[in-house]
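In: need a 3D model of the sequence below.
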Amino acid sequence: IGAIAGRLYHLQVNRHDEFARRAERQQQRVIELDPPRGTIYDARGRELAVSVEVESAFAVPREVGDARAVAAKLARVLEADSGKLERLLGADREFVWVARKLDPPQARRVKDLQLPGIYFLEESKRYYPMREVGAHTLGYVGTDNHGLAGLEAMYDKVVAGKPGRRTVLRDARQGMAVPANLPSAAPVPGNDLHLTIDAALQQIAERELAKATARYRAQSGSVVLLDPSTGAVLALASWPTFDPNRFAAATDDERRNRPVSDAYEPGSTFKMVTAAAALEAGLIDPEELIDCEMGGITLAGVRIADHKAFGTLAFRDIIAKSSNVGTIKTSLRLSNASFYEAIRAFGFGRTSGLYLPGESPGLLMPVARWPALAKAYIAFGQGISITPLQLALAFGTIANGG
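Out: Residues are numbered from 1 along each chain as shown. From the prediction side, this is the model:
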């Protein structure tokens with residue numbers, strides 16, 4: 001009797017705290033709950049990205065019983081790998097996720113199976129009500145509730161909110177309960193975002209871009225719409241596109257935000273920059289006549305051709321008719337340094353300031369590294385790479401009066 005009493009005292013008094021901690025670990029499970037992310041609105045207050053409450057299925061493997069049979073039934077409903085589910089359900093663990101953020105019909109089908117050891121918790125899921133509209137700019141959110149691309153990734157800390165915690169209790173019969181007296185914390189919703197994007201203009205841009213790429217059998221395409229008086233982006237369209245609600249089914253090519261990430265040689269559209277640089281420096285007059293050499297010019301032993309033979313043209317007609325020779329002769333009046341600074345002043349060779357993920361600064365070599373004919377080629381848009389967004393912003397400078 002003395003030995004038993006001594007043993008009881010040792011267990012219940014000396015080791016009380018140790019066993020209390022072990023009991024708590026055995027009986028309680030703290031589950032982190034995703035907070036609802038902030039809503040993303042367009043310029044007119046239309047919802048582009050919202051968070052909705054959905055259910056996630058989890059399992060207590062020790063309660064499942066026949067893991068193979070339960071996995072087979074779940075696999076049919078979830079369209080998942082039966083072997084992988086069986087390994088999860090047979091694990092020596094207190095808690096495993098079976099399927100996160102199920103669509104309501106799918107959650108109902110799993111519940112209807114009434115499988116042992118399978119339970120449900122509410123979580124927040126990102127939903128894009130306009131589907132493809134603005135997909136590349138908005139980006140998408142992973143299962144862990146973190147933004148993976150676009151504005152969702154860029155402003156993740158702003159819109160993500162703070163996760164909540166729920167303590168789940170398992171009783172002696174292996175049942176699950178959520179007692180009110182156990183510690184819990186509700187998720188804190190994230191902040192909202194209000195964009196300059198106009199969903200109606202965005203939809204029109206995407207529709208017309210799809211038509212144009214089909215008409216010209218293009219592999220890809222971009223559209224940028226800006227308010228030139230403020231620089232506000234009204235639409236950024238990219239093709240091919242994807243549905244951010246099903247982003248995992250899209251390819252990298254479809255998810256690529258081309259207006260900000262695709263750099264290319266601008267060609268004759270860049271002649272506007274050359275003209276602006278010369279006019280700003282006071283080195284040419286719009287009515288000044290320039291000999292365009294009837295189709296070509298030779299510099300440093302290299303013949304540079306025009307797209308058409310032109311004779312003498314006024315400077316404004318050189319730009320209107322897009323003469324390579326006339327534009328090159330204009331650029332030669334500028335020093336390399338002043339031409340480079342004018343290009344930089346238009347925003348080329350650096351990112352736009354939107355800071356969208358994956359934005360390319362383009363390619364503008366430092367003036368010290370320019371080869372002999374660099375200025376001549378850059379004058380008509382070769383030997384430099386830019387993004388569609390950079391070009392649109394530069395033309396906005398012309399549209400808003402300088």
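In: low-confidence regions, this structure specifically.
Out: For the chain, applying pLDDT under 70 flags the ranges 24-29, 168-183.
In: middle-most residue in it, spatially?
Out: Gly150 (1.9 Å; C-alpha atoms, centre = their mean).
In: would you agree it is in contact with Tyr140?
Out: Yes - look at Gly150 against Tyr140 with C-beta atoms under 8 Å: they come within range, at 7.2 Å. All C-beta spots, glycine's among them, are computed from the backbone N, C-alpha and C.
In: would you mark the buried spots in the helix or strand hosting Ser51?
Out: Using DSSP states H and E, Ser51 maps to strand 47-59. Judged by neighbour count using 16 or more other C-beta atoms under 10 Å, the buried positions of strand 47-59 are Leu48, Ala49, Val50, Ser51, Val54, Glu55, Ser56, Ala57, Phe58, Ala59.
In: look up phi and psi at the nearest residue to the fourth one once chain neighbours are set aside.
Out: Which is Ser51. Leaving aside its sequence neighbours, Ser51 sits nearest to Pro36 (C-beta to C-beta, 6 or more residues apart in numbering; 3.8 Å). Pro36 adopts backbone torsions of phi -70, psi 130, taken as degrees, to the nearest 10.
In: circling back: check which helices and strands the strand holding Ser51 sits against.
Out: Secondary structure elements in contact with strand 47-59, counted by 3 or more C-beta pairs under 8 Å, 6 or more residues apart in numbering; DSSP states H and E, are strand 40-41, strand 96-102, helix 104-112, strand 118-127.
In: so Met297, which of the three states?
Out: Met isn't right for residue 297; it's Ile. The three-state label given to Ile297 by DSSP: H, G, I helix; E, B strand; the rest coil is strand.
In: tell me, how many residues neighbour the spatially closest residue to it that is not a sequence neighbour?
Out: The shortest distance from Ile297 to any non-neighbouring residue, by C-beta to C-beta, 6+ apart, is to Val325 (4.8 Å). Residues near Val325, counting by other C-beta atoms under 10 Å, number 25.
In: in which helix or strand would I find Val325?
Out: helix 324-331.
In: next structured bit after that helix?
Out: Counting by DSSP H and E, what follows helix 324-331 is helix 336-345.
In: only C-alpha atoms, please: export that next one in CSV.
Out: Below are the C-alpha coordinates for helix 336-345, written out as CSV (Å, rounded to 0.1, in the frame of the first residue of the first chain):
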residue,chain,number,x,y,z
ASN,A,336,25.1,60.8,-77.5
ALA,A,337,24.7,62.0,-73.9
SER,A,338,21.8,64.3,-74.6
PHE,A,339,20.0,61.7,-76.7
TYR,A,340,20.5,59.1,-73.9
GLU,A,341,19.2,61.5,-71.3
ALA,A,342,16.1,62.3,-73.4
ILE,A,343,15.4,58.5,-73.7
ARG,A,344,15.7,58.1,-70.0
ALA,A,345,13.5,61.1,-69.4
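In: the strand holding Ser51 pairs with which strands, and in what direction?
Out: Strand 47-59 sits in its sheet next to strand 40-41 (antiparallel), strand 96-102 (antiparallel), strand 118-127 (antiparallel), going by DSSP bridges.
In: and what about the residue lying closest to Phe346 once chain neighbours are set aside, helix, strand or coil?
Out: Distance criterion C-beta to C-beta, 6+ apart; nearest residue to Phe346, sequence neighbours excluded, is Ala394 at 4.4 Å. At Ala394 the chain is in helix, as set by three-state DSSP.
In: show me the contacts for Ala394.
Out: Applying C-beta atoms under 8 Å, 6 or more residues apart in numbering to Ala394 gives the contacts Met272, Val273, Phe346, Gly347, Phe348.
In: hang on, the earlier thing: of the buried residues of strand 47-59, closest to Gly401?
Out: Of all those, Leu48 has the smallest distance to Gly401: 32.1 Å, by C-beta to C-beta.
In: identify the bridge partners of the residue lying closest to Trp97 once chain neighbours are set aside.
Out: Leaving aside its sequence neighbours, Trp97 sits nearest to Phe58 (C-beta to C-beta, 6+ apart; 5.2 Å). Residues in a beta bridge with Phe58, per DSSP bridges, are Trp97, Tyr119.
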